[in-house]
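**Q** based on what follows, work out the 3D shape:
(one chain, ligands or ions: 1)
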Amino acid sequence: MGKMLSAARSRMYRAAKQVDLHEELVQRLDYPAETLAVSIPLRRDDGTLMQLKSWRCRYDDTLGPSKGGIRFHHSVTEDEVQTLAFLMTMKCSLMGLPFGGGKGGICVDADDLSLHEKEALSRGWVRAFARILGPDRDVPAPDVATGAREMAWMADEFGTLTGEMRPGSFTGKPVPLGGIEGRTPATGHGALIALEAVRHKLGLPLGPLKIALQGFGNAGSWFAKEAARAGHKIVAVSDSSGLIRHGEGLSTDALEAAKQNGGSVADAEQAGSDTLKTSSLIIEQECDVLALAALGGVIDGDNAASLKCSAVLEIANRPILPDADEHLRRAGIEVIPDILANGGGVTVSHAEWVQNRQGLDWSEDRVADYLRDTIENASAKTLRVMDENQTDMRTAAYCAALIRLCEAISARGTAQDYQRRQQ
Ligand SMILES: NC(=O)c1ccc[n+]([C@@H]2O[C@H](COP(=O)([O-])OP(=O)(O)OC[C@H]3O[C@@H](n4cnc5c(N)ncnc54)[C@H](O)[C@@H]3O)[C@@H](O)[C@H]2O)c1
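**A** So this is what the prediction gives:
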């Protein structure tokens, strides 16, 4: 068992104690159901051979086919893949979706690959893992350094291998290939819906909020645009190369223009703004809400005391490590946990999967309504459990996820059932 998974599961145990779930039910979620590790060969453009480590984990499929992204990143490990698959299990349950949790990854530096090499690798990954994939078994989606283009190659390769065009085998595809309108902004938009749904519980001031944002990629940039449109002020933004601030709020158009020109957010042109070279200082900016939309493991027990916000919105997966939880609790900083805050992506992926199985296209309005309803329901469920158990928001979200999962596990039979039958 890896350290990362072990730390992530500690939050599940904390929640299980809170709602007094039968030990045997939670035990079923202790380990991943299946993790396949495959070494994938990649013939590079210059004729040399690379042998790449890759994984797919199907953590649990009690509620339905496992669902989760595939990332191309040099830091991917089996432990990380299993941990992210565990989080997907909790997230899909909290969102009320008919999915279990999965995740995949290849240990590779995606920036170092040509387009041809990326295509060869995407298709190679599908050939390696096809035996555990499929719309009723395990449904991958984009994640770090993969997007619609990679999903198109993967869905195409899967169709060629199986001899059947089953678009519901992958989500996050381009719209002409069975993808759905509204998938790209879904995570950022969902994060804002979650923030609005729980803000009264966080003791935040009424009216526009001051938000500091780490990460201006797909999830972060859409969150910033939606938040600014709703009247909030993005007072600081960082990416991997810099940080920019403006007390009255940054222009998301200027930030986007800087990124489109291949620069950093710190290159955005806006009068009255100032910049810092050390992007990690974003966590120390004074604000109402610190939104983390970049990496995992950004806040730990060592730096938790430097936060100057009232609440943290976890748009990234596991940006706060468990050893920071107690510090934040003592400081009165509430966290809107990743399994609630970033559930918008998988929610719209579910809509895409349904659309593909129905053979009918969903309109953008229908997708937006489905996203809003799903996140608001999950937020309301979390707040209800929070009140009933007088606990923090993360523990409440895990409780709500576990209650649904354990009802399903229990329906298959528990020790109590078997003991009764033997009498
Ligand atoms: N995109 C989705 O639909 C989705 C869904 C659920 C969860 N997430 C999670 O959200 C996070 C971001 O995903 P994404 O799709 O936006 O990725 P992305 O690759 O599009 O963007 C990542 C951003 O983080 C920035 N970044 C990297 N290192 C940084 C650093 N040290 N300091 C500050 N910024 C840094 C990058 O510059 C970039 O702006 C990931 O943790 C991902 O797992 C994304």
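**Q** what sits against the closest residue to residue 349 other than its chain neighbours?
**A** Distances taken as Cβ to Cβ, 6 or more residues apart in numbering put residue 171 closest to residue 349, at 3.9 Å, once the chain neighbours are dropped. For every residue, glycine as well, the C-beta is placed using N, CA and C. Counting by Cβ atoms under 8 Å, 6 or more residues apart in numbering, residue 171 touches 67, 139-141, 151, 179-180, 183, 349-350, 352-353.
**Q** can you do 10 Å?
**A** 67, 69, 135, 139-142, 151, 155, 178-180, 183, 345-346, 348-353, 355-356 (Cβ atoms under 10 Å, 6 or more residues apart in numbering).
**Q** now swap in residue 198 and tell me
**A** Contacts of residue 198 (Cβ under 10 Å, 6+ apart): 204, 311, 313, 334, 336, 340-341, 376, 379-380, 382-383, 386, 393.
**Q** kindly recompute the last result at 8 Å.
**A** 336, 340, 379, 382-383, 393 are the contacts of residue 198 under Cβ under 8 Å, 6+ apart.
**Q** let me know the pLDDT of it.
**A** You'll see residue 198 listed with a pLDDT of 97.
**Q** and what of residue 414?
**A** 70.
**Q** I figured it was touching residue 26, is that so?
**A** No - using Cβ atoms under 8 Å, residue 414 is not in contact with residue 26, being 11.7 Å away.
**Q** which residues touch the residue of the chain found nearest the ligand?
**A** For the chain, the residue closest to the ligand is residue 217, as judged by Cβ to the nearest ligand atom, at 1.7 Å. Residues near residue 217 by Cβ under 8 Å, 6+ apart: 239, 293-294.
**Q** quick check, nearest of those residues to residue 277?
**A** residue 239 (12.2 Å; Cβ to Cβ).
**Q** pull up the residues of the stretch 101-250 of the chain that are close to the ligand.
**A** For the stretch 101-250 of the chain, the contact set with the ligand under Cβ under 6 Å from any ligand atom comprises 143-144, 187, 214-220, 238-240.
**Q** part of a helix, is residue 207?
**A** No - counting by DSSP: H, G, I helix; E, B strand; the rest coil, residue 207 falls outside a helix, being coil.
**Q** and the residue nearest to it when sequence neighbours are not counted, its phi and psi?
**A** Nearest non-adjacent residue to residue 207, counting by Cβ to Cβ, 6+ apart: residue 231, 7.8 Å away. Backbone geometry at residue 231, expressed as degrees, to the nearest 10, gives phi 100, psi 0.
**Q** so what's residue 231 scoring on pLDDT?
**A** 97.
**Q** before we move on, what about residue 245?
**A** Confidence score, pLDDT, at residue 245: 97.
**Q** specify the beta-bridge partners of the residue nearest to it when sequence neighbours are not counted.
**A** Closest residue in space to residue 245, ignoring its immediate chain neighbours: residue 236 at 4.3 Å, by Cβ to Cβ, 6+ apart. Beta bridges link residue 236 to residue 212, residue 245 when assigned by DSSP bridges.
**Q** pretty sure residue 236 contacts residue 213?
**A** Yes - using Cβ under 8 Å, residue 236 and residue 213 qualify as a contacting pair, with a distance of 7.0 Å.
**Q** quickly list what's touching both of those two.
**A** Joint contacts of residue 236 and residue 213 (Cβ under 8 Å, 6+ apart) are residue 282.
**Q** among the two, which residue is more densely surrounded?
**A** Between residue 236 and residue 213, residue 213 has the larger neighbour count (other Cβ atoms under 10 Å), namely 30 against 27.
**Q** residues contacting that one?
**A** Residue 213 neighbours (Cβ under 8 Å, 6+ apart): 220, 223-224, 234, 236-238, 282, 291, 293.
**Q** quick check: pLDDT value at the residue nearest to residue 245.
**A** Residue 236 carries a pLDDT value of 98.
**Q** cool, and residue 6?
**A** pLDDT, residue 6: 94.
**Q** and if you look at residue 277?
**A** 87.
**Q** next one: the one 10 residues further on
**A** According to the predicted model, the pLDDT of residue 287 comes to 97.
**Q** surely it is in a strand?
**A** No - looking at residue 287 with three-state DSSP, it is coil, so not inside a strand.
**Q** so how far is residue 318 from it?
**A** 21 Å (Cβ to Cβ, to the nearest Å).
**Q** what's the longest helix anywhere in the chain packed up against?
**A** Counting by DSSP state H, the longest helix found in the chain is helix 364-389. In terms of contacts (3 or more Cβ pairs under 8 Å, 6 or more residues apart in numbering; DSSP states H and E), helix 364-389 is packed against helix 78-94, helix 186-198, helix 338-341, helix 344-358, helix 393-411.
**Q** please identify the most buried of those.
**A** Counting by mean count of other Cβ atoms under 10 Å, helix 338-341 has the highest mean neighbour count of these, with a mean of 30.
**Q** ok, of the helices and strands packed on helix 364-389, where does mean pLDDT dip lowest?
**A** Sorting the helices and strands packed on helix 364-389 by mean pLDDT places helix 393-411 lowest, at a mean of 93.
**Q** what angle do helix 364-389 and it make with each other?
**A** 100 degrees (axes from the mean of the first three to the mean of the last three Cα atoms, to 10 degrees).
**Q** list of residues touching helix 393-411?
**A** Against helix 393-411 from outside (Cβ under 8 Å, 6+ apart): 11-12, 14-16, 18-19, 21-22, 25-26, 28-29, 60, 62-63, 89-91, 93-94, 96, 198, 201, 325, 334-337, 339-340, 378, 381-386, 389, 391.
**Q** now do stretch 255-268
**A** Here stretch 255-268 has contacts from 216, 221, 224-225, 237-244, 250-251, 254, 269, 275-277, using Cβ under 8 Å, 6+ apart.
**Q** which of the residues you listed fall within strands?
**A** 237-239, 242-244, 275-276 (DSSP state E).
**Q** start and end of stretch 141-153, how far apart?
**A** In stretch 141-153, first residue to last residue: 12 Å (Cα to Cα, to the nearest Å).
**Q** residue 362 against residue 183, yeah?
**A** No - assessed by Cβ under 8 Å, residue 362 is found out of contact with residue 183, at 10.8 Å.
**Q** more crowded one of these two?
**A** Between residue 362 and residue 183, counted using other Cβ under 10 Å, the more crowded position is residue 183 (25 against 19).
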